[in-house]
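Enquirer: Next come a sequence and a model predicted from it.
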Amino acid sequence: MKGTKFTLERWSIVGFSAVTVGMMFAVILLIYGVDETAMRVAIRSTARTSCLLFLSAFVAAALCRIWSNKFTQWLLKNRRYFGLSMAVSHTYHAIAWGGLWWVTSGLSPQFDPLGILGYVFLFAMTVTSFDRPAAWIGKRAWKILHNAGMHYFWLAFTFEFGTKIFKSIPIYLPLTVLLVAAMILRLVSPRMQRKLVV
């Protein structure tokens with residue numbers, strides 16, 4: 001239709017993320033085949049895309065408090081959809097882990113209770129990102145769940161990438177720096193906002 005302009009908003013962000021990460025996964029399988037190497041590459045790649053999408057939601061409010069402009073307002077407005085996009089990316093991550101278990105005949109991965117806890121958080125946060133489940137658990141429980149989940153994922157990503165810095169500095173150092181900077185920004189943004197208001 002003439003004059004139609006596509007904008008990346010709300011569910012289009014989720015759809016774009018799903019297609020992009022899905023294509024990345026498919027390319028990995030085309031390059032390596034369905035084997036252990038492919039699954040390990042897919043695990044690492046989807047962890048990085050999940051991290052970037054997570055960071056978009058994690059810093060949205062803090063950025064908008066300090067630098068309110070069109071971009072940060074757009075980021076805040078679509079924070080929920082970046083969170084849902086992270087859930088989509090981490091679903092691909094789970095598929096890659098399942099694929100690794102299959103191609104190694106159950107020899108890998110090892111049982112990881114913290115990883116399972118992460119998916120419990122992810123499932124609960126995803127479900128309560130919709131209005132009816134959110135209303136059912138109430139505002140206080142919703143806030144506790146989402147704050148705990150966001151900080152759990154921050155810790156998980158920071159530990160995972162921070163311990164791998166020297167394995168691949170160009171990849172893991174920037175991600176670790178972004179994660180640390182994001183937490184600092186969240187901590188200082190309320191104080192900086194008060195100074196700006198004064």
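Expert: That came through fine. Residues are numbered from 1 along each chain as shown.
Enquirer: and the longest helix along the chain, average pLDDT?
Expert: In the chain, with assignment by DSSP state H, the single longest helix is helix 169-197. Confidence for helix 169-197, expressed as mean pLDDT, is 84.
Enquirer: In it, which of the residues would be classed as buried?
Expert: Residues of helix 169-197 classed as buried: 172, 175-176, 178-179, 182-183, 185-186, 189 (neighbour count, 16 or more other C-beta atoms under 10 Å). Heads up, the C-betas are built off the backbone N, CA and C, glycines and all.
Enquirer: And stretch 31-47, by the same measure?
Expert: For stretch 31-47, a neighbour-count test (16+ other C-beta under 10 Å) marks 38-47 as buried.
Enquirer: Quickly find the element holding the residue nearest to M125 when sequence neighbours are not counted.
Expert: Once flanking residues are discounted, M125 sits nearest to G149: 4.7 Å by C-beta to C-beta, 6 or more residues apart in numbering. G149 belongs to helix 139-162 when assigned by DSSP states H and E.
Enquirer: Report the inter-axis angle for that helix versus helix 169-197.
Expert: Angle, helix 139-162 to helix 169-197, by axes from the mean of the first three to the mean of the last three C-alpha atoms, to 10 degrees: 140 degrees.
Enquirer: what's helix 139-162 in contact with?
Expert: 47, 50-51, 54, 57-58, 114, 117-118, 121-122, 124-125, 128, 134, 137, 172, 175-176, 179-180, 182-183 (C-beta atoms under 8 Å, 6 or more residues apart in numbering).
Enquirer: just the helices in this structure please.
Expert: Going by DSSP H, the chain shows helices at 11-32, 36-58, 60-66, 70-77, 79-103, 113-127, 131-137, 139-162, 169-197.
Enquirer: Lowest mean pLDDT across the ones you listed, which one is that?
Expert: Sorting these by mean pLDDT places helix 169-197 lowest, at a mean of 84.
Enquirer: could you check the angle helix 36-58 makes with that helix?
Expert: Going by the same axes, to 10 degrees, helix 169-197 makes 10 degrees with helix 36-58.
Enquirer: Find the nearest non-adjacent residue to L63, please.
Expert: Closest to L63 by C-beta to C-beta, 6+ apart is T72, at 4.5 Å.
Enquirer: The one you found: what's it in contact with?
Expert: 60, 63-64.
Enquirer: Just want the most central residue of this structure.
Expert: F54 (2.8 Å; C-alpha atoms, centre = their mean).
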